[in-house]
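1. Okay, here's the prediction I keep looking at, along with the sequence it came from:
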Amino acid sequence: MTPVTRVKYSSAALAAALLLGLATPAASAHAPGHDRGHDRHRVPFTAATVTDHADGTSTITWTAPGTRTVTIRSEGRTVARGGATGTVTVPTRAAADRHWFDLVPDRGTPLRLADRLIRLQGTANLRDAGGYRTRDGQWVRMGEVYRSDALDKLTDADLAKLRRLGVRTVLDLRMESERAAAPDRVPAGARHVVADVLAGSGTFTAMPGTPAEAEAMMIEGNRFMVSGDTAKAAYATVLDELAEGDGVLFHCTAGKDRTGWAEAALLTALGVPEETVMADYLASNTYRAAANEAVLSHLPPAQAAVYKPLLDVRPAYLNASFDQVERDFGSFRAYLRDGVDLTPRELKSLKRELLVG
């Protein structure tokens, strides 16, 4: 396989941002699942990744069993070709809002991907919620739903970019005190919808005294995101908005806890395997690494040890949410129906809107 152009990758340091927020790494999608032969309507890709680099190039990696050739197209032109498995690095246009690539197999449905990170001046953790493969071989569309940290520092240029990207609804998962201290800036014409997960709850408001207390607080908070009345109402709003159409951005302050469960619930509802959902959740540790270090390095060691579990995402946190689903509802499908009022018809609409293949 010979790409049209190959440029050596040169990495750039991630910039630290707000507490509980950091620039994300590249989009990645790899999940188990069986293929349904070579149906011309089926997406044949079992794994695919787009990675944008600081040197003005992008790397595209894919696996498409059963295909003979895969053509990589961008902005209407062919930039690379390969076989059933391949990796190519190509130059990209610096002025583009995002660098999109169409992976076109010789049989089956093409796949459209970009790097997951949306690069803005005023956010560090705004990323695409799509780009993952489901258990039955479909893919979550990119460019439809976004997740983020706080939006109060968006510049005018950021707002214009989000408008060009089609963001029409912003779902604010933060508490009233957070919204008052750092009001959202939203793209012109976009709706701003409050879906306060913790409204009135004491969760996450008291500072723990030990690392164990900090981890226990995070676990309890993640349980509340499933069992709390305000949380159920908030996530019902999120899923209802997602089922009604695309162009939705949901966020909290950090973009990792309340937003993390919104993303985990969405991906699980769409049929993304649990190991992929967990990997996406834990990736925030990479996204936030520099910012976390910047915070912890300015604290005395004992205080840093207590604070670190609050900055992390850990398997125990997300597992606590899924465990609470089982305790309260018996199954995730029952949680969707009885916890967040997502009807079978709305679930079908959600899948129709966000899945391809």
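-> Perfect, I can see it now. Residues are numbered from 1 along each chain as shown.

2. what kind of secondary structure is R112 in?
-> On the three-state scheme (DSSP: H, G, I helix; E, B strand; the rest coil), R112 is labelled strand.

3. Okay, it and V248: tell me how far apart.
-> 18 Å (C-beta to C-beta, to the nearest Å). From N, CA and C alone the C-beta is placed, and that goes for glycine too.

4. what's the answer for A129, then?
-> A129 is 9 Å from V248, by C-beta to C-beta.

5. Spit out the residues that contact these two alike.
-> With contacts taken as C-beta atoms under 8 Å, 6 or more residues apart in numbering, A129 and V248 have E144, V145, Y146 as neighbours in common.

6. Just the mean pLDDT for stretch 79-86, thanks.
-> Across stretch 79-86, pLDDT averages out at 97.

7. How about stretch 238-253?
-> For stretch 238-253, the mean pLDDT works out to 94.

8. got the CA coordinates for it in PDB?
-> Output of stretch 238-253 as PDB, limited to C-alpha atoms (Å, rounded to 0.1, in the frame of the first residue of the first chain):
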ATOM      1  CA  VAL A 238     -30.400  15.000  27.200                       C
ATOM      2  CA  LEU A 239     -31.700  11.800  25.600                       C
ATOM      3  CA  ASP A 240     -34.900  13.400  24.500                       C
ATOM      4  CA  GLU A 241     -33.000  16.300  22.800                       C
ATOM      5  CA  LEU A 242     -30.700  13.800  21.100                       C
ATOM      6  CA  ALA A 243     -33.600  11.700  19.800                       C
ATOM      7  CA  GLU A 244     -35.200  14.800  18.300                       C
ATOM      8  CA  GLY A 245     -32.300  15.800  16.100                       C
ATOM      9  CA  ASP A 246     -28.600  16.400  15.600                       C
ATOM     10  CA  GLY A 247     -26.400  19.400  16.400                       C
ATOM     11  CA  VAL A 248     -26.600  18.800  20.200                       C
ATOM     12  CA  LEU A 249     -23.700  19.700  22.500                       C
ATOM     13  CA  PHE A 250     -23.900  18.600  26.200                       C
ATOM     14  CA  HIS A 251     -21.400  19.800  28.800                       C
ATOM     15  CA  CYS A 252     -20.600  20.400  32.500                       C
ATOM     16  CA  THR A 253     -17.700  22.200  34.100                       C
END
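
9. Give me the buried stretch members for that stretch, please.
-> The neighbour-count check on stretch 238-253 (16 or more other C-beta atoms under 10 Å) flags 238-243, 247-253 as buried.

10. And for stretch 269-281?
-> For stretch 269-281, the neighbour count (16+ other C-beta under 10 Å) marks A269, L270, G271, V272, P273, E274, T276, V277, M278, D280, Y281 as buried.

11. between those, which is closest to T210?
-> When these are ranked by distance to T210 (C-beta to C-beta), Y281 comes first, at 24.4 Å.

12. Confirm for me that that closest one is in contact with D312.
-> No: using C-beta atoms under 8 Å, Y281 is not in contact with D312, being 11.2 Å away.

13. so who does the spatially most central residue of the chain touch?
-> For the chain, A129 is the residue whose C-alpha lies nearest the centre (C-alpha atoms, centre = their mean; 3.5 Å). When contacts are counted by C-beta under 8 Å, 6+ apart, A129 touches V140, E144, V145, Y146, R147, E263, L266, L267.

14. how much space is there between D136 and L355?
-> Separation of D136 from L355 (C-beta to C-beta): 9 Å.

15. and if you look at R112?
-> 13 Å.

16. tell me the contacts of D128?
-> A27, A114, R116, I118, M142, G143, V145, Y146.

17. Neighbour count added to those, as JSON lines?
-> Shown next, in JSON lines, are the contacts of D128 (neighbours: other C-beta atoms under 10 Å):
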{"residue": "A27", "neighbour count": "21"}
{"residue": "A114", "neighbour count": "23"}
{"residue": "R116", "neighbour count": "29"}
{"residue": "I118", "neighbour count": "24"}
{"residue": "M142", "neighbour count": "25"}
{"residue": "G143", "neighbour count": "17"}
{"residue": "V145", "neighbour count": "25"}
{"residue": "Y146", "neighbour count": "23"}
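
18. show me where pLDDT drops low in the stretch 101-250 of the chain?
-> Filtered on pLDDT under 70, the stretch 101-250 of the chain yields the residue ranges 202-205.

19. if we go to 80?
-> 200-206 (pLDDT under 80).

20. residue ranges of the helices in it, please?
-> For the stretch 101-250 of the chain, the helices defined by DSSP state H, counting those that start in this stretch occupy 156-164, 176-181, 211-227, 229-244.

21. A231 is in contact with G200, correct?
-> No: the criterion here is C-beta under 8 Å, and G200 misses it with A231 at 11.1 Å.

22. Going by how many neighbours each has, rank these two and give me the top one.
-> Neighbour count, other C-beta atoms under 10 Å: between G200 and A231, A231 has more, with 28 against 11.
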